[in-house]
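J.: I'll drop the sequence and a predicted model, then ask my questions.
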Amino acid sequence: MAYKAESFIHDLDKVAKARQEFSGYLSAIADTLTEAEQVGETASGKLGLESTVDDLELVSRNLGEGVFRLLVLGDMKRGKSTFLNALIGENVLPTDVNPCTAVLTVLGYGQDKRVTVQFKEDREPEPLDFDTFKQRYTIPPEEAKKLQEEGTSAFPNVAYAEVQYPLTLLEKGVQIIDSPGLNDTEQRNQLTLGYINNCHAILFVLSATQPFTLGEQRYLENYIKDRGLSVFFLINHWDEIQNRLIDPEDLTALHEAEDRVRQVFRTNLTPYCQVEGEDRYDDRVFEISSLNALRQRLRSGSLEGTGFSEFIKALNHFLTK
């Protein structure tokens with residue numbers, strides 16, 4: 001039975017309450033340790049718990065904020081923005097050019113729909129309407145390739161764009177960070193890495209039509225491996241496997257083609273799906289078609305039967321475990 005997005009939203013309420021409660025426990029523990037340090041300083045000496053207190057206070061603040069941060073990573077032409085639009089049910093992020101967005105985009109809840117561009121230097125934030133944002137901060141493929149060869153960033157003075165939108169998913173405490181393609185400049189990759197260290201989970205979007213490229217392999221090896229991160233892999237464009245067959249109605253050929261693609265991903269992604277020594281590949285890797293899912297979501301409001309249902313169920317389990 002497909003897992004409904006509405007069930008996911010309902011469970012997020014329970015998650016938020018549990019996070020608030022646990023935040024209080026951690027804060028109380030931090031206060032107790034701080035008091036112990038103060039007593040120890042006047043008695044036998046400090047206990048050396050300052051770093052532990054700092055860690056507890058940081059985790060307590062993050063939990064108290066009630067925010068669950070999802071960082072979406074993936075190379076250009078992987079359909080990251082289309083996936084996000086399908087997940088939230090509206091065309092929020094631009095998808096008409098490649099790369100779709102040339103700046104890091106933080107999607108969070110707001111009663112009014114608006115975009116604010118935040119700059120690195122001492123410059124006032126720039127509020128924009130959605131159309132202006134899409135026109136100003138997206139670049140065509142040829143320009144992206146040229147900048148890539150030059151090793152420069154499209155918008156070197158921009159830190160990130162903050163998108164606020166009145167969506168239930170975001171209101172329940174989910175914050176989504178949409179990154180530019182992995183082939184962007186090293187400077188931009190370093191900015192993305194900063195967000196990696198402040199996220200609760202990563203959605204790494206791949207393509208069934210270009211199974212696990214060398215660039216993706218290097219990125220996972222350099223930025224993701226051995227960091228103790230929870231990573232979900234979304235294999236997009238799964239429907240294109242059938243579309244590229246000589247006879248799309250040949251089910252035997254389709255199953256053989258799908259199995260070949262699956263084997264490539266299983267071989268390469270299994271090392272990143274180990275949780276405490278247990279292989280969790282089936283709980284972390286999902287075959288989807290973002291474009292088909294977006295069309296269905298806009299038409300009927302449902303994601304059932306699109307491959308998204310399984311991912312949402314796994315994400316819900318991860319949030320509530």
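T.: Now that the structure is in, tell me what you want to look at.
J.: what packs against the helix or strand hosting Asp259?
T.: Taking DSSP states H and E as the definition, Asp259 sits inside helix 251-269. Identification of packing neighbours for helix 251-269 by 3 or more Cβ pairs under 8 Å, 6 or more residues apart in numbering; DSSP states H and E yields strand 231-236, helix 239-243, helix 281-284, strand 285-287. To be clear about C-beta, it is placed using only N, CA and C from the backbone, and glycine gets the same treatment.
J.: switch the cut-off to 7 Å
T.: Contacts defined by 3 or more Cβ pairs under 7 Å, 6 or more residues apart in numbering; DSSP states H and E place helix 251-269 against helix 239-243.
J.: export the helix it packs on as CSV, just CAs?
T.: What follows is helix 239-243, C-alpha atoms only, in CSV (Å, rounded to 0.1, in the frame of the first residue of the first chain):
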residue,chain,number,x,y,z
ASP,A,239,11.0,6.1,-17.0
GLU,A,240,13.7,7.0,-19.6
ILE,A,241,15.0,3.4,-19.5
GLN,A,242,11.8,2.3,-21.2
ASN,A,243,11.6,5.3,-23.5
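J.: and that helix, how far out from the chain middle?
T.: Centre-to-centre, helix 239-243 and its host chain are 25 Å apart (Cα atoms, centre = their mean, to the nearest Å).
J.: hmm, who's touching stretch 174-181?
T.: 12, 67-73, 75-76, 80-81, 84, 93, 99, 101-108, 188, 192, 195, 199 (Cβ atoms under 7 Å, 6 or more residues apart in numbering).
J.: just how off-centre is it within its chain?
T.: With Cα atoms, centre = their mean as the basis, stretch 174-181 stands 5 Å off its chain's centre.
J.: quick one: mean pLDDT for it?
T.: The pLDDT scores in stretch 174-181 average 81.
J.: now swap in stretch 266-275 and tell me
T.: Mean pLDDT, stretch 266-275: 90.
J.: do stretch 205-218 as well
T.: 89.
J.: endpoint to endpoint, it covers what distance?
T.: Criterion Cα to Cα, to the nearest Å; first-to-last residue distance in stretch 205-218 is 15 Å.
J.: just stretch 225-237 next, same as before
T.: For stretch 225-237, the end-to-end distance is 25 Å (Cα to Cα).
J.: and for stretch 118-131?
T.: Distance across stretch 118-131, first residue to last, is 17 Å (Cα to Cα).
J.: give me the buried positions along that stretch.
T.: Gln118, Leu128, Phe130 (16 or more other Cβ atoms under 10 Å).
J.: what are the structural domain limits within the protein?
T.: 1-65, 67-320 (automatic domain parsing).
J.: looking at those, which is buried most?
T.: domain 67-320 (a mean of 17; mean count of other Cβ atoms under 10 Å).
J.: where along the stretch 1-150 of the chain do the helices fall?
T.: 5-42, 50-65, 80-88, 130-136, 141-150 (DSSP state H, counting those that start in this stretch).
J.: separation between Tyr165 and Ile312?
T.: 19 Å (Cβ to Cβ, to the nearest Å).
J.: again with Arg123
T.: Distance from Arg123 to Ile312, by Cβ to Cβ: 39 Å.
J.: can you list contacts of stretch 290-297?
T.: Contacts of stretch 290-297 (Cβ under 7 Å, 6+ apart): Gly79, Thr82, Phe83, Asn85, Ala86, Gly89, Asn236, Asp239, Ser302, Leu303, Thr306, Phe308.
J.: and stretch 282-301, how far apart are its ends?
T.: So stretch 282-301: terminal residues 26 Å apart, Cα to Cα.
J.: from Pro271, how far out is Leu33?
T.: From Leu33 across to Pro271, the span is 37 Å (Cβ to Cβ).
J.: same check on Gln118?
T.: For Gln118, the distance to Pro271 equals 36 Å [Cβ to Cβ].
J.: what's the angle between the strand or helix carrying Ala161 and helix 80-88?
T.: Using DSSP H and E, Ala161 maps to strand 158-165. Here the directions of strand 158-165 and helix 80-88 differ by 20 degrees (axes from the mean of the first three to the mean of the last three Cα atoms, to 10 degrees).
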